[in-house]
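Student: Sequence and predicted model, in that order:
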Amino acid sequence: MINVVCAVIQDDDGRVMACQRSEHQSHAGKWEFPGGKVETGEDPRDALRREIREELGCEIEVGDRLPEVKHDYGDVAICLIPFVCRLGEGAEPVPHEHAAVRWLEEGDFPSLDWAEADIPIWRHWIGGQ
Ligand SMILES: Nc1nc2c([nH]c(=O)n2[C@H]2C[C@H](O)[C@@H](COP(=O)(O)OP(=O)(O)OP(=O)(O)O)O2)c(=O)[nH]1
């Protein structure tokens, strides 16, 4: 089981960032929350800040941890650990690895083609709003 952290980044209007995986990644074309694998011995919040710097070139503030989701894709099983985040002061995210970035309102979530492990996360998010 691989530990993967992801960021539910909220803006001041309550919208949330979603990213589309690009052609050269696994799960190409699927939408996800930005993040990535936690390295051995790494603090999950540090891992998330590192991944967001790599993927979006900006700083985030990492807040509360949300319920994790364990999902077996067949070739790989992951434990996906979400955190509620905000962009850092003056941060301007630029997708370095993803094909696209969108800011979603509540009603937008069901219409995207999500990575399977992410579906319980946004359902929980919408349910809790
Ligand atoms: N970053 C991220 N990964 C996710 C999410 N949902 C989900 O199923 N995953 C999967 C995709 C990958 O199998 C794994 C995270 O790997 P990664 O983001 O470091 O991707 P990667 O391209 O470096 O890895 P790989 O799958 O190509 O080996 O978790 C999510 O919301 N965010």
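Tutor: Structure received.
Student: Got the phi and psi for the nearest residue to residue 82 once chain neighbours are set aside?
Tutor: What sits nearest to residue 82 in space, not counting adjacent residues and going by Cβ to Cβ, 6 or more residues apart in numbering, is residue 66, at 4.3 Å. Every residue, glycine included, has its C-beta placed from N, CA and C. When read as degrees, to the nearest 10, the backbone of residue 66 gives phi -100, psi 170.
Student: contact partners of the helix ranked longest in the chain?
Tutor: Once the chain is assigned using DSSP state H, the helix that runs over the most residues is helix 44-56. With Cβ atoms under 8 Å, 6 or more residues apart in numbering as the test, helix 44-56 has contacts from 3, 5-7, 19, 34-39, 42, 58-60, 62, 65, 81, 83, 85, 93-98, 101.
Student: re the thing from before, distance of the residue nearest to residue 82 from the ligand?
Tutor: Applying Cβ to the nearest ligand atom, to the nearest Å, the value for residue 66 to the ligand is 12 Å.
Student: What of residue 52?
Tutor: For residue 52, the distance to the ligand - Cβ to the nearest ligand atom - is 10 Å.
Student: Do stretch 106-119 and the ligand come into contact?
Tutor: Yes. Using Cβ under 6 Å from any ligand atom, stretch 106-119 reaches the ligand at 115, 117, 118.
Student: how far away is the most centrally placed residue in the chain from residue 80?
Tutor: By Cα atoms, centre = their mean, the chain has its centre lying nearest to residue 33, at 2.0 Å. Residue 33 is 8 Å from residue 80, where distance means Cβ to Cβ, to the nearest Å.
Student: Need the overlap of contacts for these two.
Tutor: With Cβ under 8 Å, 6+ apart, residue 33 and residue 80 have common neighbours 6, 118, 121.
Student: Residue 122 and residue 88: what is the separation?
Tutor: From residue 122 to residue 88 the distance is 23 Å (Cβ to Cβ).
Student: Which residues of the chain lie near the ligand?
Tutor: By the rule Cβ under 6 Å from any ligand atom, the part of the chain lying against the ligand is 4, 6, 25-27, 32-33, 35-37, 76, 78, 80, 115, 117-118.
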